[in-house]
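Asks: only geometry, no sequence info:
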């Protein structure tokens, strides 16, 4: 490792940290990056100072939180910009006083430079014997982290909560005025009248409850979104479902300048709405669309894919309770071939996932692969959706 140029070593450190911070299925990352800091002084300096290993920490359970709180110095705490935390969410009420059940609030009070906060489920809570007999508990998501009523000015605030399990009411302590990236999941809600003037990146993944269904247009009306990502979740009907009016409110309002749009598992959007919205997004560079047909599938929305696109990921399936619209899917594949695969100049990356019987007709898959090789663009046939889970 040390025989490599320092610039290459720093790149390797950064890639390692980025991979470590990836969140598969709401599973909180571990602190394995700290092991590198104990290899030797040179790697400790390069990884810790130049590659920002010391600016990130992940606190998964109460023992780890308590140990971190007891041992972290003021100087080391001030370097941390990004924290992943497991939030117990409970306040303990006894003898006229209220205090969070977890020591997480003590840790967060020391992270004076914190800019990115990702919040996960707390699966290893303190045992009941640690609390006063007869104590009363309430769930208050943000007050359990910031009981003083003061929170850092966050650039990024991301929830990785299990659907149908946790309840989170956000922006009751954390300021919504500074947040540029917001990720929502689980049973989360925002106060009525919430405005997010600096928000540019919005991700919605497996949100339950009715808050977004009723107030989405209101919450994001003043944003200037550059990226919007949505995935419904595993069980249709239990999750917030993106509908025509929601997408219209974004595209013809706060998200008219989108550069990246990811829509996964959309069964409540119509082809007509997709067509009108895509025609309006003339700055779009990245589109990942997993469309679930129910009663209709119009191939015309392929013609609405913006000419500004560089990356296209596209898949078609049918809802489990409906029959596949095979004739319409064949027409749509013909549109994709004529307008996307044979496009000049070509896109740089194209990922398509259609059912096998549709791709096999007239050697369509082999023909597309040959065209991609001739025109020198990257083409992937088959499932791509897992790579887009954010």
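Replies: That came through fine. Keep in mind it's a predicted model, so treat the numbers as computed, not measured. Numbering: from 1, shown residues only.
Asks: And stretch 286-306, what's buried?
Replies: Residues 286-293, 297-299, 301-302, 304-306 are the ones in stretch 286-306 that count as buried (16 or more other C-beta atoms under 10 Å). Heads up, the C-betas are built off the backbone N, CA and C, glycines and all.
Asks: oh sorry, the question was meant for stretch 304-319
Replies: Buried positions in stretch 304-319, judged by neighbour count with 16+ other C-beta under 10 Å: 304, 305, 306, 309, 311, 312, 313, 314, 315, 316, 317, 318.
Asks: Of those, which is the nearest to residue 219?
Replies: In terms of C-beta to C-beta, no member of the buried residues of stretch 304-319 lies closer to residue 219 than residue 306, at 25.9 Å.
Asks: quick one: the closest residue to the closest one other than its chain neighbours and residue 388, what's the gap?
Replies: Leaving aside its chain neighbours, residue 306 sits nearest to residue 284 (4.6 Å; criterion: C-beta to C-beta, 6 or more residues apart in numbering). As judged by C-beta to C-beta, to the nearest Å, residue 284 and residue 388 stand 16 Å apart.
Asks: The two: which is more packed in?
Replies: Using other C-beta atoms under 10 Å as the criterion, residue 284 and residue 388 rank with residue 284 on top: 23 against 15.
Asks: list the contacts for the more buried one?
Replies: Neighbouring residues of residue 284 by C-beta atoms under 8 Å, 6 or more residues apart in numbering: 258, 259, 260, 261, 278, 306, 308, 309.
Asks: my read: the first one touches residue 228, true?
Replies: Yes - with contacts defined as C-beta atoms under 8 Å, residue 258 counts as touching residue 228 at a distance of 6.1 Å.
Asks: Residue 204: which element?
Replies: Assessed by DSSP states H and E, residue 204 sits inside strand 201-207.
Asks: quick one: least confident helix or strand in this protein?
Replies: Here the helix or strand of the chain ranked lowest by mean pLDDT, DSSP states H and E is helix 41-45, holding a mean of 81.
Asks: Doesn't residue 217 lie inside a strand?
Replies: No - remark: residue 217 does not belong to a strand; assigned using DSSP: H, G, I helix; E, B strand; the rest coil, it is helix.
Asks: can you pull the contacts of residue 193?
Replies: Here residue 193 is in contact with residue 218 (C-beta under 8 Å, 6+ apart).
Asks: Near residue 6, how many residues? Count them for me, please.
Replies: By other C-beta under 10 Å, neighbour count at residue 6 equals 11.
Asks: ok, the closest residue to it other than its chain neighbours to residue 3 distance?
Replies: In space, and not counting its chain neighbours, residue 6 is closest to residue 46: 6.8 Å by C-beta to C-beta, 6+ apart. For residue 46, the distance to residue 3 (C-beta to C-beta) stands at 14 Å.
Asks: Between these two, point out the one with more neighbours.
Replies: Using other C-beta under 10 Å as the criterion, residue 46 and residue 3 rank with residue 46 on top: 21 against 5.
Asks: Am I right that that one is in contact with residue 8?
Replies: No - Residue 46 lies out of contact with residue 8 (C-beta under 8 Å); the separation is 11.0 Å.
Asks: Show me what whichever strand or helix holds residue 370 is in contact with.
Replies: Taking DSSP H and E as the criterion, residue 370 maps to helix 364-375. By C-beta under 8 Å, 6+ apart, the list of residues contacting helix 364-375 from outside reads 333, 337, 341-342, 344, 346, 350, 352, 358-359, 378-379, 381.
Asks: Kindly report the same for stretch 337-350.
Replies: Residues outside stretch 337-350 that contact it (C-beta under 8 Å, 6+ apart): 302-303, 305, 309-314, 364, 367-368, 371-372, 375-380.
Asks: Before I go, just wanted to say thanks for your time.
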